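Participant: missing the sequence, but the structure's below:
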């Protein structure tokens, strides 16, 4: 009996792409991955279109198609966790529904696992077709997070990967609510191989990731895997204090020499505004960490499933 692999596919308004990704997966396993029995798990993340209906139509003609219908949109990270924690298989794969993650890479990923690797991931080596501004900030993010975090994230790494059950069990043990999967996959360790590929544009629809959404996601990743912002705030506070101390000495000495204590009031106001701005900035960073602690202590479920079938 062939070993099984669960393909986890988070979906949010992907009604046009669901049949296409299904066809590509069926073709890949029929022609190139006959050694594995595929279970295709679609996770409907609160779609407002007919994504769920498309999935149910596929399930009606193929009993290897399964779905998890979440009660609302919990986000891609929660949808991935829902699939990984629900499906039972020998291997697990995670991929997007928009065909930017080519199913044709799965045989090479499986070959890497047969060679002794625990996880094989896809690494995008170019960003052709993507906005230059987004590419610039993406490269900047990887450079920054790898400098400030002990958990190294491979530049261009995608969530698209094939893993052993041991890796998945380690990942789902981490039940934190604010999840950054690229970091989690790196943090758990294991022997990993990344396979390079060139960027593929999505087939239909528009991405739900806006620039601001990606920026918030990047900030979440930095906060989840680094204390560097807190260290930066501490250093900033020390520098601000030292600078203010010398500014105070300068103002007192000038007033003593020239006898006009009111002449420097514009500089005083500027200094106070600058220090006040730094304090608010510091409070904002500390507040982000405190907010994370607050959300984690609530122990709310990562996802709520309306239907699993």
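Facilitator: Cool, the structure landed. This one's a predicted model, so the numbers in the text were calculated from it and none came from an experiment. Numbering: from 1, shown residues only.
Participant: in this protein, what spans have low per-residue confidence?
Facilitator: Residues of the chain meeting the criterion pLDDT under 70: 1, 127-139, 141-151, 199-231, 251, 255, 258-270, 273.
Participant: Following the record's annotation, map out the domains of it.
Facilitator: 3-213, 228-298 (automatic domain parsing).
Participant: Find the one among those domains with the highest mean neighbour count.
Facilitator: domain 3-213 (a mean of 18; mean count of other CB atoms under 10 Å). C-beta: built from backbone N, CA, C; applies to glycine.
Participant: quick one on the thing from earlier: can you tell me which of the domains of the chain comes nearest to residue 307?
Facilitator: Evaluated with CB to CB, those place domain 3-213 nearest to residue 307, the distance being 4.3 Å.
Participant: Does the nearest residue to residue 157 once chain neighbours are set aside lie in a helix or a strand, and which?
Facilitator: Leaving aside its sequence neighbours, residue 157 sits nearest to residue 123 (CB to CB, 6 or more residues apart in numbering; 5.4 Å). Element membership of residue 123 [criterion: DSSP states H and E] is strand 119-124.
Participant: ditto for residue 39
Facilitator: Under the assignment here (DSSP H and E), residue 39 is part of strand 36-44.
Participant: do the same with residue 177
Facilitator: With DSSP H and E as criterion, residue 177 is part of no helix or strand.
Participant: That one is in contact with residue 297, isn't it?
Facilitator: No - counting by CB atoms under 8 Å, residue 177 stays clear of residue 297, with 10.0 Å between them.
Participant: can you give me the strands for the stretch 201-309 of the chain?
Facilitator: 305-308 (DSSP state E, counting those that start in this stretch).
Participant: Pretty sure residue 156 sits against residue 182.
Facilitator: No - in this structure residue 156 lies outside contact range of residue 182 using CB under 8 Å: 10.4 Å.
Participant: so how far is the strand holding residue 123 off the chain centroid?
Facilitator: Distance of strand 119-124 from its chain centroid, counting by CA atoms, centre = their mean, to the nearest Å, is 15 Å.
Participant: What pairs with that strand, parallel or antiparallel?
Facilitator: As defined by DSSP bridges, the strand partners of strand 119-124 come to strand 157-164 (antiparallel), strand 192-197 (parallel).
Participant: would you list these in CSV and tack on distance to residue 254?
Facilitator: Listed next are those as CSV, based on distance: least, CB to CB, whole Å:
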stretch, distance to residue 254
strand 157-164, 56
strand 192-197, 61
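Participant: so which of these gets nearest residue 31?
Facilitator: strand 157-164 (17.2 Å).
Participant: Show me what the closest one is in contact with.
Facilitator: Contacting residues not belonging to strand 157-164 are listed as 5, 76, 80, 90-96, 101, 105-106, 109-110, 112-113, 118-124, 181-182, 185, 190, 194 [CB atoms under 8 Å, 6 or more residues apart in numbering].
Participant: about what we covered before: closest to residue 306 out of the domains of the chain?
Facilitator: domain 3-213 (4.6 Å).
Participant: can you tell which of the domains of the chain is closest to residue 309?
Facilitator: domain 3-213 (6.0 Å).
Participant: Off-centre distance for that closest one?
Facilitator: 11 Å.
Participant: Output the domains of the chain in CSV; the columns should cover distance to residue 305.
Facilitator: Below are the domains of the chain laid out as CSV (distance: least, CB to CB, whole Å):
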stretch, distance to residue 305
domain 3-213, 5
domain 228-298, 19
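Participant: Select, out of those, the one closest to residue 308.
Facilitator: domain 3-213 (5.1 Å).
Participant: So which residue is dead centre in this protein?
Facilitator: Taking CA atoms, centre = their mean, the centroid of the chain lies closest to residue 180, which sits 4.1 Å from it.
Participant: Show me the helices in the stretch 201-309 of the chain, by range?
Facilitator: Under the criterion DSSP state H, counting those that start in this stretch, the stretch 201-309 of the chain contains helices at 211-225, 228-258, 265-298.
Participant: so who does residue 191 touch?
Facilitator: Per CB under 8 Å, 6+ apart, neighbours of residue 191: 116-119.
Participant: Quick one: these as JSON lines, columns for distance to residue 172 too.
Facilitator: JSON lines is the format used below for the contacts of residue 191 (distance: CB to CB, whole Å):
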{"residue": "116", "distance to residue 172": "23"}
{"residue": "117", "distance to residue 172": "20"}
{"residue": "118", "distance to residue 172": "15"}
{"residue": "119", "distance to residue 172": "14"}
